[in-house]
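**Q** Take a look and give me a structure for this.
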Amino acid sequence: MKASYMILSLCAALVATSYSADTFARRNVAGVEQEPRIQELASQTEQQAAEASTLRPIWFCSTRSMRGTYQYREEGYWEGEPYRSSGLETYDGRGNIVGMATDSDTGESYRFTGTYRVEGDCSGKVMYTGGFYYDIYVSPDGASVEFISTDLGTVLSGPSRRISTRDIVR
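**A** This next block holds a predicted model:
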């Protein structure tokens, strides 16, 4: 009994594959041709999809995209003087930053805090305690970031890359 059922199933599968998908699309259960109506519906669906894709942006990123510890370096000019710093920052995935760095201005290491947000288009803002602001551009997987200072009189930018998904700086 099982063998005959398997043979019957195999025959049905072979018959089904001998018909093209187009043949199935044009027939309803009773076998009546339906091609004009199906083509009309398909055309409407394609048109609606095209309109929807132009109206809604595709969202790749969020504040949660940045989670873990990042290593960064920045260089440029601060108040007309050459400036460079590098350090580590830990992003908590909820909008908070803790970090440590060394800069060329004093040559000393220091700790800092801040907040951040990332929009769906992978752009965002960082606001460090003390009133320093940066625009950021995050890769969709959150593994790398490009940043640039938006403070007047300051020209600082650089890359940042995730080195761990753990919170190294606390």
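**Q** part of a strand, is Asp121?
**A** No: counting by DSSP: H, G, I helix; E, B strand; the rest coil, Asp121 is not found in a strand; it is coil.
**Q** does it really touch Ser62, like I thought?
**A** No: between Asp121 and Ser62 there is no contact under CB atoms under 8 Å: 10.6 Å. Just so you know, the C-beta spots here come from the backbone N, C-alpha and C atoms, and that holds for glycine as well.
**Q** More neighbours: which of these two?
**A** Per other CB atoms under 10 Å, whichever of Asp121 and Ser62 has more neighbours is Ser62, with 16 against 13.
**Q** can you pull the contacts of the more buried one?
**A** Ser62 makes contact with Val118, Glu119, Gly120, according to CB atoms under 8 Å, 6 or more residues apart in numbering.
**Q** what about this protein, any weak spots by pLDDT?
**A** 1-59 (pLDDT under 70).
**Q** right, and Tyr83 touches Leu156 too?
**A** Yes: if you go by CB under 8 Å, Tyr83 and Leu156 touch, sitting 6.5 Å apart.
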